[in-house]
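Novice: Below are the sequence and a predicted model; questions follow.
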Amino acid sequence: MLSDRGFDLWADGYDRSVGLSDEDGTYPFAGYRQILNEIYNRVLMGKRKTVLDIGFGTGTLTARLYGQGCSVWGQDFSERMIELAKKKMSGARLYQGDFSKGLVEELRQNKYDAIIATYSLHHLTDSCKVSFLKELLPLLDEGGRIFIGDVAFETRAELERSRELIGGEWDEEEIYFVADEMKKEFPQMRFERFSFCSGLFTLKKQRMPGSARSSYVEH
Ligand SMILES: C[S@@+](CC[C@H](N)C(=O)[O-])C[C@H]1O[C@@H](n2cnc3c(N)ncnc32)[C@H](O)[C@@H]1O
């Protein structure tokens, strides 16, 4: 698993290496641009736009949203990634912090219309993914949504088949999403496949009519 220092070293070449893997349609970034574009469009469809990006990297996605007037908040643990992202969106509120320990205090004080995590949460174990998502859901404003774009598979069997096909290139340190397992924890979570190795998860918070409590439903 890459440390914050590992990501610092990758930061300057990150956009190029991701772009090449995406263009070639190869693991792990096949579908990357399409997923980011889809999230971009869906966030802009809403009317209020306060966005939290978890593991924003060089800011590829949120800098575009920032350019469209969104108020951008984020957390990443790599100093160099933060420097590069700040150059693209000087008014964004970007904090340094390890999300395996949760969100930094400043980010927990706010509510968001969209919470985004692209290609970052596979650094958490499956049980930590679930508890982190449960920590994030109450931070959504009414009608807000969580978007997770990442290396992901519909079933564990599909993940195992891909691991065999990809062979030595497969990163054994990363823990990829399995949609039907996530849906056991979040039954209304929606999964859309974008390539043989990637997909987009959506969770929406919505107040149920006649109920004082909020429920989490797909959209
Ligand atoms: C593969 S990059 C993805 C960047 C960006 N979201 C994108 O789609 O291009 C993963 C990012 O998550 C950050 N990251 C990984 N593990 C993290 C952790 N435990 N806490 C905070 N940031 C982390 C890395 O520093 C890096 O910027």
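Specialist: In hand now; what should we look at? Numbering: from 1, shown residues only.
Novice: C-alpha from now on. contacts and neighbour counts both.
Specialist: Will do.
Novice: now residue 181, nearest residue through space, not along the chain?
Specialist: In space, residue 181 comes closest to residue 155 once its chain neighbours are excluded; the distance is 7.4 Å by CA to CA, 6 or more residues apart in numbering.
Novice: nope, residue 7 is what I was after
Specialist: Across the structure, with CA to CA, 6+ apart as the measure, the residue nearest residue 7 apart from its sequence neighbours is residue 78 (5.9 Å).
Novice: Near the one you found, how many residues? Count them for me, please.
Specialist: 25 (other CA atoms under 10 Å).
Novice: Enumerate every residue touching it.
Specialist: Residue 78 makes contacts with 4, 5, 7, 8, 57, 96, as judged by CA atoms under 8 Å, 6 or more residues apart in numbering.
Novice: Contacts only, for the residue nearest to residue 181.
Specialist: Under the criterion of CA under 8 Å, 6+ apart, the neighbours of residue 155 are 178, 179, 180, 181.
Novice: In helices only, show me those.
Specialist: Among these, the members falling in helices are 179, 180, 181 (criterion: DSSP state H).
Novice: Among these, name the buried ones.
Specialist: By the neighbour-count criterion of 16 or more other CA atoms under 10 Å, the ones in helices among the contacts of residue 155 include these buried positions: 179, 180.
Novice: From the ones in helices among the contacts of residue 155, pick the one nearest residue 131.
Specialist: Looking at those and their distance to residue 131, the nearest is residue 181, at 14.0 Å (CA to CA).
Novice: what does this protein put close to the ligand?
Specialist: Applying CA under 6 Å from any ligand atom, one finds that the chain approaches the ligand through 4, 7, 55-57, 60, 76-78, 81, 97-100, 117-120, 123.
Novice: and if we set it to 5 Å?
Specialist: Within reach of the ligand by CA under 5 Å from any ligand atom, the chain has these residues: 55, 56, 57, 76, 77, 78, 98, 99, 100, 118, 119, 120.
Novice: any idea of the pLDDT on the fifth one?
Specialist: pLDDT for residue 77: 97.
Novice: what do you get for the one 5 residues further on?
Specialist: Note on residue 82: pLDDT of 98.
Novice: number of nearby residues for it?
Specialist: Burial of residue 82 is recorded as 23 neighbouring residues (other CA under 10 Å).
Novice: How about residue 96?
Specialist: The burial metric for residue 96, expressed as a neighbour count using other CA under 10 Å, is 16.
Novice: go on, residue 173?
Specialist: 10.
Novice: before we move on, what SS does it have?
Specialist: Here residue 173 takes the coil state, with states given by DSSP: H, G, I helix; E, B strand; the rest coil.
Novice: Now it: phi and psi?
Specialist: phi -90, psi -10 (degrees, to the nearest 10).
Novice: same deal with residue 176?
Specialist: Residue 176 adopts backbone torsions of phi -80, psi 150, taken as degrees, to the nearest 10.
Novice: Skipping adjacent residues, who's closest to it in space?
Specialist: If you skip the residues right next to it in sequence, residue 176 has residue 122 as its closest partner in space, 5.2 Å away by CA to CA, 6+ apart.
Novice: And residue 200, by the same measure?
Specialist: residue 149 (4.5 Å).
Novice: Then residue 70?
Specialist: The spatial neighbour of residue 70 that comes closest, neighbours along the chain excluded (CA to CA, 6+ apart), is residue 49 at 5.1 Å.
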